[in-house]
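S.K.: Return atomic coordinates for the entry below.
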Amino acid sequence: MVEDYVSIIGTLEKILYNNPENGFIIGTFITENSFKTITVKGVLFNTYEHEKLHLKGTWENHKIYGRQFSIREFMTVEPKSVEGMIRYLSSRVFKGVGEKTARRIVEKFGEDTFNIIDNTPELLSRVKGVGKKQKNSLLSAWDDQKGLRDVMTFLRGVGISYSYAQLIFSKNGLNSIPLIKTNPYQLTNIPGIGFLTADTIARKLGFENNSPHRSSAGILYIIEQQASNGHTCFPKEELIKITSKELNIESEMLKKSLEQLLSDRILKMYRIEDLNGLEQDFVSRSRLYDAEKRVAENVFRILKSKAYTVFDSEASMIEDEEKKVGFKLDPIQRLAVEEALKNKFLIITGGPGTGKTTIVRFILGLMSSRIPSVGLAAPTGRAAKRISETTGRVSYTIHRLLEATNMGFQRDRDNPLDQELLILDETSMIDTMLMDRFLEAVPSASRLILVGDVDQLPSVGAGALLLDLIESEVIPVVRLDHIFRQAKDSYITVNAHKVRRGEFLDISNLNPSADTDSNLLDFYFIQESNPKKIVEKILLLNLERIPQRFKLDPMMDIQVLTPMHRGITGSLNLNKKIQEKINFDSKGMEFRGIWFKVGDKVMQQQNDYDKGVFNGDLGRIVNYDQKTKEFFVKFDHDIVHYDSKELDQLSLAYAITVHKSQGSEYSAVILPLTSHHFVMLQRNLLYTAITRGKQLVVLIGTEDAVKMAVKNQGALRRFTGLKNQLSDNL
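M.R.: Numbers count the residues shown, from 1 in each chain. The predicted structure is shown next:
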């Protein structure tokens, strides 16, 4: 039974374990009265060995380690004994003050040592061996420690975690308390601290619902939410309405705050047509507005500039290349090649099996004799690797092409790319911000070809770039719509195009029992409505049925895709269940509720230019050092090191969302699809998922869910301002 809170005073003798992320320690502690050594555990921020502490907490009995003191509150106690003061001043808190110097100071001033440092620090100069530099160093550390404890105590008192409190103090120092008391919503400038956290703190400090600071922060919070949903701008009236409803702020206050944010140029507003063709005011974050403006300007810069190389007599060139490669282009393919030769800027779009890769190879063969400097790129590492495999030429991620580092992109308008011909694949994945940086670095005389499938899901980041560029009609577009005979034999390709056209799949003959071992299909549908049974069938397919029947590796060849993160059939639960079956006994560690183990398939969740890994890259954990808590992950290009603090960059990847699968292909895809996913059931999501499979696609779910997805077109059409910017530049 847990005892009542008790207080103990003593010295933190030794720190046995320390988690720098949350400040949790386990240590040995010598009590002041009995001089007993006990074990203590709990959060002790910025404490050091040999410090005297006053602890408040409870006694607990651990099954293995015995009786321990669990800390609930603590405060430092200035040591009063000579030896205690010497140990404190010579600790690593006060760099440059060794034991000899600390002893001289304490012997000089005795029990008044700390009072002297606080009130008459100039007297330290009378101590032998304490020079000006050493005195200033000691006083600076003394003030920092005193101020840090005050700030940390305040921050922890209003509910800020230890790790975030450190970030806040490192940015604002001793100004942290007055800044937060004046406007706690400024905390949203700290990476990882959102509006909801700041709002909770503000409530504790007495801020009301209709506070001007809360109103402004609320508008920015809602518009950033809309940006995370893909919108680069949002209707003004709807923005006010949503913010008022979700955050309980009066509309009039929100309108005043919006005017101030527009005046401060944090937001921008302009009048454009909405999705129904009606004109209204739209609000945008300045960074997104400016990015769309630059994209439009650069599109016209490239279109209006003269090409460095001009191609004449296209017909004879095309015929010569046809003879060279041994096949004849069909009319739409020929049109695509002719347009590539005539125009500096071209978009080629089409679904699976329509020959996009064939056209790219043909154009490269045709132009490479006249244009030796060619750049091939894609948004993700896996997509770039696939281009290299299909064209036989070196390809890069866009970030690598732009020589990105954690300090920014090295290639820009002042230091443009060297390539005269640039071809980007999987353009539907490219968001507004990345296309802005890319076009800034494209030389005016270069040729640019964008290749992509406009019917796939749009980018994870804000914007609908490929769709907007096509619909603007300022760039020549060729749509490949002919499915070639080999592709027609694939149920994957046929069904993908049915979904694209809004036609329901004929799934009556697409079940495992309708097939024989001698005539394997590449597309199956398994009827199941119970989410728990769907998970069981996914495990059976992933670990036994597909590997046995199709001779595929369950770890790296088979990919489970799902519409959502959460829920029984969401990626979080599926990853846990698959890991328990496929990789249950490897060494590793737990991080924020997720176990990472040697052998796990993982995905990079953010761009890290120093490591050379990017959002969406797949890898596998190949080693883990239990002493240093370091992981080593093998990606396609290299083995990358992560320390325990960096595990938030990784996620398990046995199951991933369909959005995260963009630009990748897998030998086999398993997709659960039920009415529980109704929020995400869209035509382009189902289409994207099906087109990820090369050899096999298995849908598990209900016919109603499939029908819902096929019918749901454009429900999540994005608000963007790019078409308006392009029309303004005409």
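
S.K.: switch to C-alpha atoms for all contacts and neighbour counts from now on
M.R.: Will do.

S.K.: My reading is that V535 is in a helix; is that accurate?
M.R.: Yes. Per DSSP: H, G, I helix; E, B strand; the rest coil, V535 lies within a helix segment.

S.K.: 20 is where my numbering starts, stick with that
M.R.: I'll keep to 20 as the first residue from here, and by that count the last item is V554.

S.K.: Wait, it touches K595, no?
M.R.: No. Applying C-alpha atoms under 8 Å as the test, V554 and K595 come out as separate, 11.0 Å apart.

S.K.: So for the two, which sits in the more crowded spot?
M.R.: Neighbour count, other C-alpha atoms under 10 Å: between V554 and K595, V554 has more, with 20 against 16.

S.K.: if I look at the more buried one, how far off is R519?
M.R.: Counting by C-alpha to C-alpha, to the nearest Å, the gap from V554 to R519 is 27 Å.

S.K.: same question, R419
M.R.: Distance of R419 to R519, computed by C-alpha to C-alpha: 32 Å.

S.K.: so what strands line up beside the strand or helix carrying F615?
M.R.: For F615, the host element (DSSP states H and E) is strand 613-616. Strand pairing for strand 613-616, using DSSP bridges, gives strand 607-610 (antiparallel).

S.K.: pLDDT on stretch 218-232, on average?
M.R.: Mean per-residue pLDDT for stretch 218-232: 90.

S.K.: hang on, I meant stretch 578-595
M.R.: Mean predicted lDDT for stretch 578-595 stands at 92.

S.K.: Compute the first-to-last residue distance for that stretch.
M.R.: Using C-alpha to C-alpha, the end-to-end distance of stretch 578-595 comes to 14 Å.

S.K.: which other residues reach that stretch?
M.R.: For stretch 578-595, the surrounding residues in contact (C-alpha atoms under 8 Å, 6 or more residues apart in numbering) are 550-551, 553-554, 671-678, 680, 685-692, 696, 699-700, 704, 708.

S.K.: Check stretch 297-304 too.
M.R.: Identification of contacts with stretch 297-304 by C-alpha under 8 Å, 6+ apart yields 242, 251-256, 285-293.

S.K.: Might you specify the subset of these located within strands?
M.R.: Among the contacts of stretch 297-304, the members falling in strands (DSSP state E) are F253, P254, L286, K287, M288, Y289, R290, I291, E292.

S.K.: show me where the stretch 270-419 of the chain has helices.
M.R.: 270-282, 305-323, 333-344, 350-361, 375-386, 400-410, 417-420 (DSSP state H, counting those that start in this stretch).

S.K.: Please identify the most buried of the ones you listed.
M.R.: Among the helices of the stretch 270-419 of the chain, the stretch with the highest mean neighbour count (mean count of other C-alpha atoms under 10 Å) is helix 417-420, at a mean of 22.

S.K.: Tell me where the model's unsure across the stretch 120-269 of the chain.
M.R.: Confidence mapping of the stretch 120-269 of the chain against pLDDT under 70 gives the ranges 163, 166-168, 172, 175, 181-182.

S.K.: redo that, cut-off 50
M.R.: The stretch 120-269 of the chain contains no residues with pLDDT under 50.

S.K.: same deal with the stretch 520-669 of the chain?
M.R.: Low-confidence segments of the stretch 520-669 of the chain (pLDDT under 50): 533-537.

S.K.: And the helices in it?
M.R.: Taking DSSP H, counting those that start in this stretch to define them, one finds helices in the stretch 520-669 of the chain at 550-559, 565-569, 590-601.

S.K.: Can you give me the neighbour number for D455?
M.R.: Using other C-alpha under 10 Å: D455 sits among 22 other residues.

S.K.: Same question for the one 10 residues further on.
M.R.: For S465, the tally of surrounding residues (other C-alpha under 10 Å) stands at 22.

S.K.: Please determine how far the nearest residue to it once chain neighbours are set aside is located from V356.
M.R.: Closest residue to S465 apart from its sequence neighbours, by C-alpha to C-alpha, 6 or more residues apart in numbering: E439 at 4.4 Å. From E439 over to V356 the distance is 17 Å, taken as C-alpha to C-alpha.

S.K.: Next: V302.
M.R.: 40 Å.

S.K.: Looks like G213 contacts T207 (just checking).
M.R.: Yes. At 5.1 Å, G213 counts as touching T207 under the criterion of C-alpha under 8 Å.

S.K.: for the record, mean pLDDT for the longest strand that the chain contains?
M.R.: Longest strand in the chain by number of residues (criterion: DSSP E): strand 25-38. Mean per-residue pLDDT for strand 25-38: 86.

S.K.: same thing with stretch 480-496?
M.R.: Mean predicted lDDT for stretch 480-496 stands at 94.

S.K.: From start to finish, how long is it in a straight line?
M.R.: Terminal residues of stretch 480-496 lie 24 Å apart, using C-alpha to C-alpha.

S.K.: Buried residues of that stretch, list them for me.
M.R.: 480-489, 493-496 (16 or more other C-alpha atoms under 10 Å).

S.K.: contacts for that stretch?
M.R.: Here stretch 480-496 has contacts from 246-251, 322, 358, 362, 364-368, 446-447, 449-452, 471, 473, 477, 737-739, 741-742, 745-746, using C-alpha under 8 Å, 6+ apart.

S.K.: List only buried entries from those residues.
M.R.: If we count by 16+ other C-alpha under 10 Å, the contacts of stretch 480-496 have these buried: 246, 248-251, 322, 358, 362, 364-368, 446-447, 449-452, 471, 473, 477, 737-739, 741-742, 745.

S.K.: Could you list which of these belong to helices?
M.R.: A246, L322, E358, T451, M452, L741, K742, L745 (DSSP state H).

S.K.: Quick check, the last one in contact with A315.
M.R.: Right, L745. Yes. Between L745 and A315 there is a contact under C-alpha under 8 Å: 5.0 Å.

S.K.: quick revisit: can I get the helices of the stretch 270-419 of the chain in CSV including mean pLDDT?
M.R.: Below are the helices of the stretch 270-419 of the chain laid out as CSV (pLDDT from 0 to 100):
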stretch, mean pLDDT
helix 270-282, 96
helix 305-323, 96
helix 333-344, 85
helix 350-361, 92
helix 375-386, 92
helix 400-410, 86
helix 417-420, 92
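
S.K.: ok, the residue nearest to S465 - contacts?
M.R.: E439 is in contact with Y327, I390, S392, V393, G394, P462, A464, S465, R466, counting by C-alpha under 8 Å, 6+ apart.

S.K.: ranking these by neighbours, who comes first?
M.R.: R466 (25 neighbours).

S.K.: Need phi/psi at R412.
M.R.: Here is the backbone geometry of R412 (degrees, to the nearest 10): phi -120, psi 160.

S.K.: actually R611, not the one I wrote
M.R.: Residue torsions, per degrees, to the nearest 10, at R611 are phi 50, psi 50.

S.K.: Filter the contacts of stretch 297-304 down to the buried ones.
M.R.: Neighbour counting with 16+ other C-alpha under 10 Å marks I242, T251, C252, F253, P254, K255, L286, K287, M288, I291, E292, D293 as buried within the contacts of stretch 297-304.
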